[in-house]
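**Student:** Sequence plus the predicted model coming up.
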Amino acid sequence: MGTSSLGWAVTDEKYQLLRRKGKDLWGVRLFSEAETAADRRSHRVSRRRREREKARIAYLKEVFAEEINKKDPGFFQRLEDSKYYEEDKREHQPFALFADSGYTDKEYYKDFPTIFHLRKALLEADTDGKEYDVRLVYLRLNCRLM
């Protein structure tokens, strides 16, 4: 017997095995093996993680929207537009993050090749006295792009 089977027996009050039609009343019932909940659980965990990420990003947008829109009204739209397919973009712009006249994606990726470079620069901002753009702080907190 294993996890996909069930043994049974019919006895009297003294635990003597009963017989009917010349056969002992006992046997084993085999079932198809049960599936674990791991697959369902992994999908549920992924779905909940994605929902929490969307809620966190929406909250960040709400908090940063006023200051970022003062500096760059098209910033959030560029983030939402696909950087892979031109036909998916609502506004056709050559850059995905920064479209300022003096600072574009090229300069951003020269300054910060990875999110870890941006994190380090923002952490050390207190010591070097340099002020950073609010969009960089938003990107650091968002982190889904990197």
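**Tutor:** In hand now; what should we look at? Numbers count the residues shown, from 1 in each chain.

**Student:** For Ser101, see how far away Lys130 is.
**Tutor:** The spacing between Lys130 and Ser101, counted by Cβ to Cβ, to the nearest Å, is 21 Å. Glycine gets a C-beta too; all of them are placed from N, C-alpha and C.

**Student:** So if I had to pick from these two, which one is more boxed in?
**Tutor:** Neighbour count, other Cβ atoms under 10 Å: between Lys130 and Ser101, Lys130 has more, with 10 against 5.

**Student:** which element is that one on?
**Tutor:** Lys130 belongs to no helix or strand when assigned by DSSP states H and E.

**Student:** Need phi/psi at it.
**Tutor:** phi -80, psi 140 (degrees, to the nearest 10).

**Student:** And it, how close does it get to Thr114?
**Tutor:** Counting by Cβ to Cβ, the gap from Lys130 to Thr114 is 19 Å.

**Student:** For the residue of the chain most remote from its centre, give me phi and psi.
**Tutor:** Farthest-out residue of the chain from its mean C-alpha position, per Cα atoms, centre = their mean: Gly22, at 63.2 Å. Per-residue torsions, Gly22: phi 80, psi 10 (degrees, to the nearest 10).

**Student:** And the longest helix along the chain, what's buried?
**Tutor:** The longest helix of the chain (DSSP state H) is helix 38-71. Going by neighbour count (16 or more other Cβ atoms under 10 Å), the buried part of helix 38-71 is 57, 64, 68.

**Student:** before we move on, what about stretch 136-146?
**Tutor:** For stretch 136-146, burial by neighbour count (16+ other Cβ under 10 Å) applies to 136-140, 142.

**Student:** Let me know the closest of those to Arg41.
**Tutor:** Closest approach to Arg41 among those (Cβ to Cβ): Asn142, at 27.7 Å.

**Student:** all helices for the protein, in order.
**Tutor:** Using DSSP H, the helices found in the chain span residues 38-71, 75-80, 105-111, 115-123, 125-128, 134-142.

**Student:** Can I get stretch 43-60 in CSV? Just the C-alpha atoms.
**Tutor:** Extracted in CSV, the C-alpha atoms of stretch 43-60 (Å, rounded to 0.1, in the frame of the first residue of the first chain):
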residue,chain,number,x,y,z
HIS,A,43,0.9,30.4,-10.0
ARG,A,44,-1.0,32.0,-7.1
VAL,A,45,2.3,33.3,-5.6
SER,A,46,3.4,34.7,-8.9
ARG,A,47,0.0,36.4,-9.4
ARG,A,48,0.0,37.9,-6.0
ARG,A,49,3.6,39.1,-6.4
ARG,A,50,2.7,40.8,-9.7
GLU,A,51,-0.3,42.4,-8.1
ARG,A,52,1.8,43.8,-5.2
GLU,A,53,4.4,45.1,-7.7
LYS,A,54,1.7,46.9,-9.8
ALA,A,55,0.3,48.4,-6.6
ARG,A,56,3.7,49.5,-5.4
ILE,A,57,4.5,51.1,-8.8
ALA,A,58,1.1,52.9,-8.9
TYR,A,59,1.8,54.3,-5.4
LEU,A,60,5.3,55.5,-6.5
